[in-house]
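**Student:** Need a 3D model of the sequence below.
(chains A and B)
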Amino acid sequence: MNLDSTHTDTGINLNELFARVEYDRDLLCDMLQVFCQEFPKLHALITAAVIRGDRHQVQASAHTLKGMFASLSFSQASASALRIERMARQANLTGVPDEIDRLAYSANCAQANLQRVCGREAW
Amino acid sequence: MKILLADDDAVSRILLQRTLERGGFKVLCVEDGHAAAAALLADDGPRMAILDWEMPLQDGPSVCREVRAAGSSAYLILLTSREAVEDIVTGFDAGADDYLIHPCNPDELKARIRVGTRSLQLQASLMHEAQHDPLTGLPNRACFVKRLAHNVRRAREHPGYNFALLFVDIDRFKVINDSLGHLIGDELMKSIAQRLLQAVRFESPPPGHSAPRDLVARIGGDEFVILLENCAGLDNGVDAGVRVAQRIQTVLKQAFFLENHEVFVTASIGISTGSDATDASEVLRSADAAMYKAKRLGKARFEVNDTPPGAPTVNRLQLENDIRRGVENEEFEAFYQPIVSLDDRCIVGFEALVRWRHPQHGLLQPDHFLEIAEDSGLIVPIGAQVTRQACRWMRRWNDSLISPRPLTICINVSPRQFAEDDLVERVQRVLSETGIDPAFLELEITENLTMQDADRAASLLDQINRLGVSISLDDFGTGYSSLNYLLRFPLRTLKVDRSFIYDIENSRERATIVETIISLGHNLGMRVVAEGIENASQMDLLRSLDCDSGQGYFFSHPVPANEAEQLLQRRPIGLIEALHPESQPRPALLMAS
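**Tutor:** Residues are numbered from 1 along each chain as shown, chains lettered A, B, ... in the order given. Below is the predicted model of the structure:
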C-alpha cells in the first residue's frame, strides 16, 4: 500500500485511516460507499437548516458530518464541520454558508482521492 | 457476546460494526436513543452497548440514565468527540461504565471491550454466587424466594394459575454428618441434589436436551425446596406435588456410596399449594409446617398442608421461640423410666427422659421439639435443666433409702451437648450443685457421637470417668458397633437397642444376636441392659441369656418423679400400666435422639 500521501495534499490522513480500518480494503470501500449515500442528504439538510435559520438543526447536522468526516480522516472537511458546529452553538450563522461551501469542496476532493485509493489494485 | 451499537452516523456505525465483528462479537445496530434504550431493556437484550453521545430522539447519557433507573447492569460505553473533563464526568454520572473518543482506534476499542467483558464476567460470577448454593450449585434461598414471589403474583393476577411448593428435609442428616464427618455430609448433600433433580418434571422435547422444568433449590443445611410452576388440573397443584414427592422418595431409596460408606437416607416432605397465598413467605411457612407434620408422624413421608390460608401454622421459628420461652420458664421436666434387674425385678436405676409441659398444648413428647432444640442449640440449657432435676431426685431417693439398693440415674447426651467444649465442666457443675454421688450418675452416649473425632471423644469420656461418673453406650447395634471403640472408651454399660428385643421371643436370629452382644459386653467387663422389653416372655428369655437389666413398657412407661417414687416401693416390678400417663404404647423417647 502506498502510504506516502499525506492529508495536506489529499485532504485525508491516510496513515490514520488505514490503521483505523486495520488495512481492510473492503471495509474502507464500504465506508466510502455509505459516505457517498449519506453526505448529499446531510448536505441538503444543513443547507435547508441554514436557510430556515434553525441553528439547532445546523449544529446537529454539523456534528454528524464532523463525526462522519473524522471516521474517514477527512481532516479539512472535519475541521470545517467543527467550525460550523461552534458557530451554530454560539447562535451566529453569518459565516456558516461560506463554511458549508468550503466543507463541501474539501469533502468532494477527499472523496475523489479516496475513491482513487480504493480503486488501486495494489494495496 | 452481543453488543449494541447505537450511532446515527452511518459511516461510523459500519466502521465500528466491522471492527467488533472482526473481534468475534455479534453486533446489534440502532440509529437513535429510543431504540437503544428499548433494546437494552428488552428481556434478552445485549449486556454491553456503545452509545454515541449525540443521537436523535435521546442522547447517550440520557439512555444511560434510563437504563440504570430500570435496574440494568449492562456495560455502557459512551462514544464522544467531547474530550472535556466535565463531559466525561457527566457521562459517568449518567451511569456509563467507560467512554471512547470518536473516531476511535480499533485496538483501543477492542481493549475497552475486553475490560467490559471482564467486568461482565465478574458481575455474572458474583450474581451466580449470590443466587446459588456453592456446595450443590442449586439456586439458593434468595433466588428461590424471588421466583416464588413471581408465582404468587401470577396466581393472584390470573385465577386458575396453580403452582405447588415442596419442602424437603433430609431425615437424620445431622446424625450422618456427625458420624461420618462434614466432608462426607457435603458429598451426600451434592448427591441428594442430583437425585432431586432426577425426580422433578422435565421439559419434554428435544430428546436428550431436556432441562428441569421445576426449580430445585437448597435453602438450608439439609433443606431443599422445589417449586412446581404452572401445574395443570383443578386440584391447585396438589396432584403434581404428590407425584413429585413420591418420585423423590423413590430416587432417595437407593443407597449413596460415599468413600466406602453405604448411606441410606429418607426425606420428610411438606407440600403446599400457593393459589390463595398473599406472599412467598406464607407459602414457604405452609410447606414447612407440612414437612414438620411429616416429621412428627414418623418421617420418611410427605404431608399436604390443607390449612386454610391465613390460619395459624406451626412454624419452626415460632416453635424455637416457644422452646426458648419454655427454657426460661423451666417448663421442661424429667420423666423416669425404671431400669430393672432381671434377676429379682428390682429397680436399679432410671433413665431420665425429657418432656415439655407446654402451657397451651399440655405434655409434649420429645418428637415435637427435640430436633429444633438440637438444631438451635437450646438442647444444651434444656439438658442442663433436666439433668439437675434428675440428679436432685436421685440424691433424694438414695438419701431416703426408699430403695433397697443405690439407684443410678442415666442421662442421655445429645450430639450438640457432646460437641460443647465445656461438657466436663458442666458435668462437674451438676455434681456440685446437686450433691449427687458421681458413682450414681451415668451418661449415655451413642456410637454416632464418637465417630467424628474419636480422639476427642476418648479424651472427654476419660475426663468424665475420672470424675467418678459412668458412661454407657446407648442403642448398641444400630450404629457402627466398632469393637475398637468398645475397647477404647471407658464404658460401664452396654444398652442393647430395642430393635433387637422386639419380637425376640419369636426370632431365633435376634436371640442369637442379643446373646452375642451380652457375651461381648460381659467379656469386656460391662453390664448389659436390654431396651424395649414389652412382655414377660422377652424378660424371661433375656434373663436366660444372662442379660443383667432391662427397661421397657413391661416394667413401666416413663413417669413423673412422684410416680417413680411410688414404683420404688413396689417389688417386684412389671407391667404397671395403671401408673403411666401415656396411654398408647410408643417407643421410649430419648432426651437426645
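**Student:** For the rest of this, base every contact and every neighbour count on C-alpha atoms.
**Tutor:** Will do.
**Student:** can you list the residues of chain A near chain B?
**Tutor:** Contact residues, chain A versus chain B (CA under 8 Å from any CA of the partner chain): A:19-22, A:27, A:30-32, A:34-35, A:38, A:64, A:67-68, A:70-72.
**Student:** what about 7 Å?
**Tutor:** Residues of chain A lying close to chain B (CA under 7 Å from any CA of the partner chain) are A:20, A:31, A:34, A:35, A:64, A:68, A:70, A:71.
**Student:** Pull up the gap between the fifth one and residue B:272, please.
**Tutor:** I take that to be residue A:64. As judged by CA to CA, to the nearest Å, residue A:64 and residue B:272 stand 61 Å apart.
**Student:** the more surrounded of the two?
**Tutor:** With neighbours defined as other CA atoms under 10 Å in any protein chain shown, residue A:64 and residue B:272 compare such that residue B:272 has more, 32 against 25.
**Student:** From the rest of the structure, what touches stretch B:268-277?
**Tutor:** For stretch B:268-277, contacts defined as CA atoms under 7 Å, 6 or more residues apart in numbering or on different chains pick out B:152, B:155, B:162-171, B:236-238, B:241, B:245, B:283, B:286-291, B:294-295, B:299-305, B:309.
**Student:** Show only the entries of the residues you listed found in helices.
**Tutor:** B:152, B:155, B:238, B:241, B:245, B:283, B:286-291, B:294-295 (DSSP state H).
**Student:** which of those tops the neighbour count?
**Tutor:** Result: residue B:286 is most packed of those (other CA under 10 Å), 33 neighbours.
**Student:** out of the residues of chain A next to chain B, which are inside helices?
**Tutor:** Per DSSP H, helices hold the following members of these: A:20, A:31, A:34, A:35, A:64, A:68, A:70, A:71.
**Student:** from those residues, which is closest to residue B:359?
**Tutor:** Nearest to residue B:359 among these, counting by CA to CA, is residue A:64 at 80.9 Å.
**Student:** nearest residue to the closest one other than its sequence neighbours?
**Tutor:** Once flanking residues are discounted, residue A:64 sits nearest to residue B:9: 6.1 Å by CA to CA, 6 or more residues apart in numbering or on different chains.
**Student:** for residue B:448, same thing?
**Tutor:** Leaving out its chain neighbours, the residue that sits closest to residue B:448 by CA to CA, 6+ apart is residue B:179, at 4.7 Å.
**Student:** ok, back up a step: restricting to the contacts of stretch B:268-277, which residues neighbour chain A?
**Tutor:** Okay, of the contacts of stretch B:268-277, nothing touches chain A (CA under 7 Å from any CA).
**Student:** quick one, strands of the stretch 1-150 of chain B?
**Tutor:** Under the criterion DSSP state E, counting those that start in this stretch, strands of the stretch 1-150 of chain B are mapped to B:2-6, B:26-30, B:48-52, B:75-80, B:98-101.
**Student:** got the angle for the fourth one vs strand B:2-6?
**Tutor:** This points to strand B:75-80. 30 degrees (axes from the mean of the first three to the mean of the last three CA atoms, to 10 degrees).
**Student:** Name the strands paired with strand B:75-80 and say parallel or antiparallel.
**Tutor:** strand B:48-52 (parallel), strand B:98-101 (parallel) (DSSP bridges).
**Student:** and for the shortest one, what are the contacting residues?
**Tutor:** Contacting residues not belonging to strand B:98-101 are listed as B:76, B:77, B:78, B:79, B:80, B:81 [CA under 7 Å, 6+ apart].
**Student:** any idea how far chain A is from the last one?
**Tutor:** So the one you mean is residue B:81. Counting by CA to the nearest CA, to the nearest Å, the separation of residue B:81 from chain A is 8 Å.
**Student:** Please report the distance of that residue from residue B:9.
**Tutor:** The value you get for residue B:81 to residue B:9, if CA to CA is used, is 13 Å.
**Student:** now the fifth one
**Tutor:** Going from residue B:80 to residue B:9 by CA to CA gives 12 Å.
**Student:** what are the ranges of the helices in the stretch 51-200 of chain B?
**Tutor:** Along the stretch 51-200 of chain B, the segments classed as helices by DSSP state H, counting those that start in this stretch run B:60-69, B:85-94, B:106-131, B:141-157, B:173-180, B:182-199.
**Student:** ok so, going back, of residue B:81 and residue B:9, which one has the most company?
**Tutor:** The neighbour count for residue B:81 versus residue B:9, taken as other CA under 10 Å, is higher for residue B:9 (23 against 19).
**Student:** Can you verify my assumption that the residue nearest to residue B:448 contacts residue B:449?
**Tutor:** Yes - the criterion here is CA atoms under 7 Å, and residue B:179 meets it with residue B:449 at 6.4 Å.
**Student:** coming back round to it: which of the ones in helices among the contacts of stretch B:268-277 sit farthest apart?
**Tutor:** Applying CA to CA across the ones in helices among the contacts of stretch B:268-277, the maximum distance is between B:155 and B:295, 29.1 Å.
**Student:** Report the contact partners of residue 106.
**Tutor:** Just going to use chain A. Going by CA under 7 Å, 6+ apart, residue A:106 touches A:11, A:76, A:77.
**Student:** try chain B instead
**Tutor:** By CA under 7 Å, 6+ apart, the residues touching residue B:106 are A:20, B:19.
**Student:** Pull up the gap between it and residue A:118, please.
**Tutor:** For residue B:106 relative to residue A:118 (CA to CA), the value is 20 Å.
**Student:** repeat for residue A:37
**Tutor:** 16 Å.
**Student:** ditto for residue B:554
**Tutor:** Taken as CA to CA, the span from residue B:554 to residue A:118 is 106 Å.
**Student:** tally of neighbours for residue B:74?
**Tutor:** Count around residue B:74 with other CA under 10 Å applied: 23.
**Student:** What of residue B:393?
**Tutor:** Around residue B:393 there are 20 other residues, counting by other CA under 10 Å.
**Student:** mind checking pLDDT for it?
**Tutor:** Listed pLDDT for residue B:393 reads 93.
**Student:** So what does residue B:341 look like in phi/psi?
**Tutor:** phi -70, psi 130 (degrees, to the nearest 10).
**Student:** which residues touch the nearest residue in space to it that is not next to it in sequence?
**Tutor:** Nearest residue to residue B:341, sequence neighbours excluded (CA to CA, 6+ apart): residue B:549, at 4.4 Å. When contacts are counted by CA under 7 Å, 6+ apart, residue B:549 is found next to B:339, B:340, B:341, B:342, B:528, B:529, B:530.
**Student:** circling back: I'd like the strands of the stretch 1-150 of chain B written out as a markdown table, with distance to residue B:504, mean pLDDT and mean neighbour count added.
**Tutor:** A markdown table is the format used below for the strands of the stretch 1-150 of chain B (distance: least, CA to CA, whole Å; pLDDT from 0 to 100; neighbours: other CA atoms under 10 Å in any protein chain shown):
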| stretch | distance to residue B:504 | mean pLDDT | mean neighbour count |
| --- | --- | --- | --- |
| strand B:2-6 | 73 | 95 | 23 |
| strand B:26-30 | 75 | 94 | 18 |
| strand B:48-52 | 73 | 95 | 27 |
| strand B:75-80 | 73 | 93 | 25 |
| strand B:98-101 | 79 | 91 | 18 |
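**Student:** Output those in a markdown table, with distance to residue B:89 appended to each entry.
**Tutor:** Shown next, in a markdown table, are the strands of the stretch 1-150 of chain B (distance: least, CA to CA, whole Å):
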| stretch | distance to residue B:89 |
| --- | --- |
| strand B:2-6 | 20 |
| strand B:26-30 | 25 |
| strand B:48-52 | 16 |
| strand B:75-80 | 11 |
| strand B:98-101 | 10 |
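**Student:** wait, which of these is closest to residue B:488?
**Tutor:** Ranking the strands of the stretch 1-150 of chain B by distance to residue B:488, with CA to CA as the measure, places strand B:75-80 first at 63.6 Å.
**Student:** got the residues of chain B near chain A?
**Tutor:** B:9, B:10, B:11, B:12, B:14, B:15, B:103, B:105, B:106.
**Student:** need the helix or strand of chain A with the lowest average pLDDT.
**Tutor:** Lowest on mean pLDDT, DSSP states H and E among the helices and strands of chain A sits helix A:7-10, with a mean of 56.
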